[in-house]
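Student: my questions are about this predicted structure, shown below with the sequence.
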Amino acid sequence: MKTIYKNTVKALGISVDEFQDAGMFILFGDNAPEELRDYCYSVDVNPVEGTICAGQMLKIDNESYRITAVGDEAPVTLAGLGHCTINFSGQTEVELPGTIYVENKPMPKLSVGTVIQIIEA
């Protein structure tokens, strides 16, 4: 197993829970636009070491979620800005290019110190 991406949540916007009901969350580096900052989990800008694709695993602390689809822009913005939306709908068709879709399981609660990884199986 190879770790393609790893990061740690370092801050929470005051409105991150607003996307909980929609089954998604947003990651963004320190340069998040002011109008989005309150809705994002803040992370460092870390490299993506490989190709992110369906079939891999998104690991959030000790919970694992199979990746079902990856938008074309998601790996680019994740590596360049720390920005990506994670959607827990399980859909296999990409609707938004900056989104990584994972299997339809309950979304975990993220907090400061939560470790996020993408693992190549």
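Tutor: Structure received.
Student: and the biggest helix by length in the chain, what does it pack onto?
Tutor: Secondary structure assigned by DSSP state H gives helix 74-81 as the longest helix of the chain. Applying 3 or more CB pairs under 8 Å, 6 or more residues apart in numbering; DSSP states H and E, one finds that helix 74-81 contacts strand 84-87. Every C-beta, even on glycine, is put in place using the N, C-alpha and C of the backbone.
Student: quickly note the distance from the residue most central in space within the chain to residue 61.
Tutor: Centroid-nearest residue in the chain: residue 86, 4.1 Å away (criterion: CA atoms, centre = their mean). From residue 86 across to residue 61, the span is 14 Å (CB to CB, to the nearest Å).
Student: circling back to that earlier point, ok, the residue nearest to the centre of the chain to residue 23 distance?
Tutor: Using CB to CB, residue 86 is found at 9 Å from residue 23.
Student: for the lowest-mean-pLDDT helix or strand in the chain, name the packing helices and strands.
Tutor: Least confident helix or strand, the chain: helix 34-37 with a mean of 90, by mean pLDDT, DSSP states H and E. With contacts taken as 3+ CB pairs under 8 Å, 6+ apart, helix 34-37 sits against strand 24-28.
Student: contacts for the strand it packs on next, please.
Tutor: Strand 24-28 is contacted by residues 7, 16, 19, 36-37, 39-43, 78, 81-89, 99, 107, 110, 116 when judged by CB atoms under 8 Å, 6 or more residues apart in numbering.
Student: mind redoing it with 6 Å?
Tutor: Contacts with strand 24-28, where a contact means CB atoms under 6 Å, 6 or more residues apart in numbering, come from 19, 39, 40, 41, 43, 82, 83, 84, 85, 86, 87.
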